[in-house]
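K.L.:
missing the sequence, but the structure's below:
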């Protein structure tokens, strides 16, 4: 089973925002020491207000978002990332709530794209789309957990994954979880459809 976390991406983005704010503060500190003059002190003071405000915004915003995160765990497991036409991708979704939360919708989608590089640029055509609504309007109690199993069949005669210098056929599985008072959790990852 191949596992991925749907909430790890948001945590990484918050951490990167904090690290970037800290890096900007260090850079400004060294620039302010280098350009210290009597006439430009008020300009440096305004710069410090902006830099410290940005640092506080990143730190407090990150801590607030981490504290409000409704899930302890929201993972997707894929039995195998390779399948043939006529077979299916088997998924397992596991969630465990930190606090009482409501999941408005959880859906999984299997898509196939034909991507070509032309004179106009990259063109993308949707060849196959299959959407499954896993759950609608689910209330989860604090520390409550749920497990869902989903099967996404690949139609017979479906094109296999292919890639060369200018063209490719790409298959992906996309997950959308609409959480009330939080937002939408999304993730996509590529899978391989092998020739039958």
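P.N.:
Nice, I can see it. Note that this is a predicted model, so its numbers are computed, not measured.
K.L.:
any idea which strand is longest in this protein?
P.N.:
Assignment by DSSP state E gives strand 121-140 as the longest strand of the chain.
K.L.:
Any idea how far that one is from the middle of the chain?
P.N.:
Centroid displacement of strand 121-140 relative to its chain, using CA atoms, centre = their mean, to the nearest Å, is 15 Å.
K.L.:
How about it, which residues are buried there?
P.N.:
Buried residues in strand 121-140, counted by 16 or more other CB atoms under 10 Å: 134, 138, 140. (Each C-beta comes from the backbone N, C-alpha and C, glycine too.)
K.L.:
Next, the contact list for the last one, please.
P.N.:
Taking CB atoms under 8 Å, 6 or more residues apart in numbering as the criterion, residue 140 is in contact with 95, 97, 100, 101, 102, 103, 146.
K.L.:
what's the answer for the first one, then?
P.N.:
Residues in contact with residue 134, defined by CB under 8 Å, 6+ apart, are 93, 106, 107, 108, 148, 150.
K.L.:
Domain map for this protein?
P.N.:
Using automatic domain parsing, the domains assigned to the chain come out as 8-68, 71-193.
K.L.:
show me where this structure has strands.
P.N.:
Taking DSSP E to define them, one finds strands in the chain at 2-5, 71-78, 82-83, 88-97, 101-118, 121-140, 145-153, 162-163, 167-179, 183-193.
K.L.:
Among the ones you listed, which comes closest to residue 31?
P.N.:
Residue 31 lies closest, by CB to CB, to one member of the strands of the chain: strand 183-193, at 36.1 Å.
K.L.:
Any stretches of the protein with poor pLDDT?
P.N.:
Where the chain drops to pLDDT under 70, the residues are 9-10, 36-40.
K.L.:
burial count for residue 45?
P.N.:
10 (other CB atoms under 10 Å).
K.L.:
if we can go back for a sec, now the buried residues of strand 121-140 as JSON lines including distance to residue 188?
P.N.:
Below are those laid out as JSON lines (distance: CB to CB, whole Å):
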{"residue": "134", "distance to residue 188": "16"}
{"residue": "138", "distance to residue 188": "22"}
{"residue": "140", "distance to residue 188": "24"}
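K.L.:
buried sites along stretch 13-21?
P.N.:
Under 16+ other CB under 10 Å, the buried positions of stretch 13-21 are 14, 17, 18, 21.
K.L.:
distance of the last one from residue 60?
P.N.:
This means residue 21. Shown here: residue 21 relative to residue 60, a distance of 11 Å by CB to CB, to the nearest Å.
K.L.:
With the third one instead?
P.N.:
According to CB to CB, residue 18 stands 10 Å off from residue 60.
K.L.:
Next: the second one.
P.N.:
As judged by CB to CB, residue 17 and residue 60 stand 11 Å apart.
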